[in-house]
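Visitor: sequence and predicted model, in that order:
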Amino acid sequence: MAGILFIISAPSGSGKSTIVNQLRSLVSGLDFSVSWTTRGPRGSEVDSREYHFTTRERFEEMIRNGEFLEYAEVFGNYYGTARSTLQDAFSRGRDLLLDIDVQGASQVRAKAPEAVSIFLMPPSPEILAYRLRNRSRAEGSIQEEIIRRRLAKARQEIENYQEYGYILVNDILDRAVEEMAAIVAAERIRRNGNPEGNPPDRERLLGIAEACRQANSQNRIQPVLKAFGV
């Protein structure tokens, strides 16, 4: 049985990595695509765990060889998803989660329109700036110009929210994790029936996921859009 492809996108500093890590500890049968990048490791990042770190020359060779499902250049660095990651997961009947930016997500949707796309929003520019500063501080320095660039980029990315099927707002971490897990469960139920039996909270999971659909989440996301001037 072919797996389900899940796409999650979010502005840098939105808490996406934390949510994805918690989701992976809660949900079985879900592989995570480790992206390739030409940027250097940050803090405690380890090669082949957070990213496959490589040179610009090697990355561009992979582009020429058609090895990427999607790729984009962001803030002067390449990021991309290898086709082999998707092929390997689906050959083993597992679902795959792609953590990619809006450029990459657009490329993947064009090639795999059946993919489930999720956009994660920070609750406000102020909270996003606070999170970015904390991350920079943990990495050893705070560079306000980089933070300003990332806030401007966040606004541009949020403008693309209508391209996504589900919208989450990461104002409360536990709730965002629960919503992510519910979306995965709901899509599995809809596409595959109940492969893991009939969970007692089936209707609750379907309800949580349905509330996160873009069409049903306008009341929740409008304050975020207003705060970012979108």
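Guide: That came through, no problem. Keep in mind it's a predicted model, so treat the numbers as computed, not measured.
Visitor: how about the helices of the chain, start to end?
Guide: 16-26, 56-64, 83-91, 102-111, 125-138, 144-158, 173-192, 202-212, 218-227 (DSSP state H).
Visitor: lowest average pLDDT across those?
Guide: Lowest mean pLDDT of these: helix 125-138, a mean of 88.
Visitor: contacts for it?
Guide: Here helix 125-138 makes contact (CB atoms under 8 Å, 6 or more residues apart in numbering) with 11-15, 43, 122, 142-143, 146-147, 150-151, 154-155, 171, 227-228. All C-beta atoms are positioned from the backbone trio N, CA, C, and that covers glycine.
Visitor: isn't Lys153 right up against Ala10?
Guide: No. Judged on CB atoms under 8 Å, Lys153 makes no contact with Ala10 at a distance of 11.4 Å.
Visitor: when these two are compared, which one has more neighbours?
Guide: Set Lys153 next to Ala10 and count neighbours by other CB atoms under 10 Å: Ala10 wins out with 25 against 16.
Visitor: what's near enough to touch the residue lying closest to the more buried one once chain neighbours are set aside?
Guide: Nearest residue to Ala10, sequence neighbours excluded (CB to CB, 6 or more residues apart in numbering): Leu120, at 3.6 Å. Under the criterion of CB under 8 Å, 6+ apart, the neighbours of Leu120 are 8-10, 14-16, 19, 168-170, 176.
Visitor: I figured Gly13 hits Arg149, correct?
Guide: No. Using CB under 8 Å, Gly13 is not in contact with Arg149; the gap is 11.7 Å.
Visitor: the more surrounded of these two?
Guide: Each of Gly13 and Arg149 has its neighbours counted (other CB under 10 Å); Gly13 has more, 22 against 13.
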